[in-house]
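Chemist: structure, please.
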Amino acid sequence: CHQTWSILQRRHLSLNTNSSNVQQMAALLHGDPRVRTLAVKGTGLSAEGAQALVTLSTVPWMTTLTLDLAGSRIGDAGAQALAALKDAPSVTALDLSLVNN
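Modeler: I've put the predicted structure just below:
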């Protein structure tokens with residue numbers, strides 16, 4: 001049971017990120033083939049942070065991506081960058097919250 005929990009825990013991640021660590025988080029996830037479902041809560045992200053999250057669209061094994069970027073400062077440039085996520089080849093479910101941006 002513990003082994004099953006460990007496997008599932010790594011396949012379905014829920015992470016918090018901010019402007020200081022978003023690029024590092026995206027780079028680490030890019031190389032992890034176990035992650036299938038990712039939920040990210042980003043606080044205080046800028047347009048550059050949003051662009052770093054867009055790199056997740058090329059992760060071939062991720063099927064579900066939830067981004068809660070409420071209260072960030074991504075602006076028009078960040079929103080345009082995030083629009084590319086709709087074309088991610090492996091993502092079959094995308095949930096994006098941009099409230100108060």
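
Chemist: would you map the helices across the chain?
Modeler: In the chain, helices defined by DSSP state H lie at 2-11, 22-30, 47-54, 75-82, listed in chain order.

Chemist: where in the protein is pLDDT low?
Modeler: Where the chain drops to pLDDT under 70, the residues are 1-10.

Chemist: of the helices of the chain, which is nearest residue 97?
Modeler: helix 75-82 (10.8 Å; CB to CB). C-beta coordinates here come from the backbone N, C-alpha and C atoms, glycine included.

Chemist: got the contact list for residue 75?
Modeler: Going by CB atoms under 8 Å, 6 or more residues apart in numbering, residue 75 touches 46-47, 101.

Chemist: roughly how far does it sit from residue 52?
Modeler: In this structure, residue 75 and residue 52 are 14 Å apart, going by CB to CB, to the nearest Å.

Chemist: pretty sure residue 61 is in contact with residue 37, am I right?
Modeler: No. The pair residue 61 / residue 37 is not scored as a contact, 10.4 Å apart, by CB atoms under 8 Å.

Chemist: those two: which is more packed in?
Modeler: Between residue 61 and residue 37, residue 37 has the larger neighbour count (other CB atoms under 10 Å), namely 15 against 11.

Chemist: didn't the more buried one look like it was pressed against residue 15?
Modeler: No. At 11.4 Å, residue 37 does not count as touching residue 15 under the criterion of CB under 8 Å.

Chemist: now stretch 11-20: buried residues?
Modeler: Across stretch 11-20, burial judged by 16 or more other CB atoms under 10 Å covers 13, 17, 19.

Chemist: residue 38 contacts residue 53, correct?
Modeler: No. Counting by CB under 8 Å, residue 38 does not reach residue 53; the two are 9.9 Å apart.

Chemist: which of the two has more neighbours?
Modeler: Between residue 38 and residue 53, counted using other CB under 10 Å, residue 53 has the larger neighbour count: 27 against 23.

Chemist: tell me who's in contact with residue 11.
Modeler: Listed by CB under 8 Å, 6+ apart, the contact set of residue 11 reads 34-37.

Chemist: any idea how far residue 61 is from it?
Modeler: Distance of residue 11 to residue 61, given as CB to CB: 9 Å.
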